[in-house]
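# One predicted model, sequence on top.
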Amino acid sequence: MSSFRVRPRFKHLVKMPASEVESVIMSSIKEERYVYAEGFLQGHADLKIPVEERHYWSPQLHVSTEQTADGTIIRGLYGPNPTVWGLFFFGYLTLGVLFFFAGFWGMTKLTLGHTANILWALPILAGLALTLYIIAQMGQKIGADQMYRLHYFYEGIFEDKVAIT
């Protein structure tokens, strides 16, 4: 799982019906004490680290099932808690909007022949975005062992290697 992937994912074809896949996953979770899920809701489940081991950077695995003629396609998406994901999303969104308006305002001032001191905000905003990215990467590294645990747990359910893309 490369650190450059924002949200690693996988796609796995299993030769059994979706209802059986869901019951196999849920029965495996009941036997495991290091991973839990509340249950499948319309073909979707979130596999999480137990509360007592969870920290701010703990990942979760979102699993969805889709019935096809060949069997069931299971899609997995690793990511942080939705609160953490939302925090970083809105951080990048805020920095992007500020960057756009500061650049627009500064270029307008330059075009009119005025001084555009606001353009000094652009490298500062870019530096803040880079800092946010570095913090996110450090958080991924902190939660990496738990992400591997979730992935190995999933691979153990179906006794098959699953490539992450």
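Looks like it arrived, so ask away. Numbering: from 1, shown residues only.
# drop to CA atoms for contacts and neighbour counts, all remaining ones
OK.
# What are the boundaries of the strands in this protein?
For the chain, the strands defined by DSSP state E occupy 9-14, 44-48, 59-68, 71-80.
# Report the inter-axis angle for the first one versus strand 59-68.
With axes from the mean of the first three to the mean of the last three C-alpha atoms, to 10 degrees as the basis, strand 9-14 and strand 59-68 are set at 40 degrees to each other.
# what's the average pLDDT for strand 9-14?
Strand 9-14 shows a mean pLDDT of 95.
# That one: partners in the sheet, and parallel or antiparallel?
Partners of strand 9-14 in the sheet, by DSSP bridges, are strand 71-80 (antiparallel).
# just to revisit the earlier point, dump the strands of the chain to a markdown table, plus mean neighbour count and distance to F88.
Converted to a markdown table, these look like this (neighbours: other C-alpha atoms under 10 Å; distance: least, C-alpha to C-alpha, whole Å):
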| stretch | mean neighbour count | distance to F88 |
| --- | --- | --- |
| strand 9-14 | 17 | 19 |
| strand 44-48 | 20 | 20 |
| strand 59-68 | 21 | 14 |
| strand 71-80 | 20 | 10 |
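# Any chance of JSON lines for those, columns distance to W105?
What follows is those, written out as JSON lines (distance: least, C-alpha to C-alpha, whole Å):
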{"stretch": "strand 9-14", "distance to W105": "40"}
{"stretch": "strand 44-48", "distance to W105": "44"}
{"stretch": "strand 59-68", "distance to W105": "40"}
{"stretch": "strand 71-80", "distance to W105": "36"}
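# Tell me which of these lies nearest to I29.
I29 sits nearest to strand 44-48 of all these, at 8.6 Å, using C-alpha to C-alpha.
# Which elements pack onto the closest one?
With contacts defined as 3 or more C-alpha pairs under 8 Å, 6 or more residues apart in numbering; DSSP states H and E, strand 44-48 has these neighbours: strand 59-68.
# How far off centre is the strand it packs on?
Its chain's C-alpha centre and that of strand 59-68 lie 13 Å apart, by C-alpha atoms, centre = their mean, to the nearest Å.
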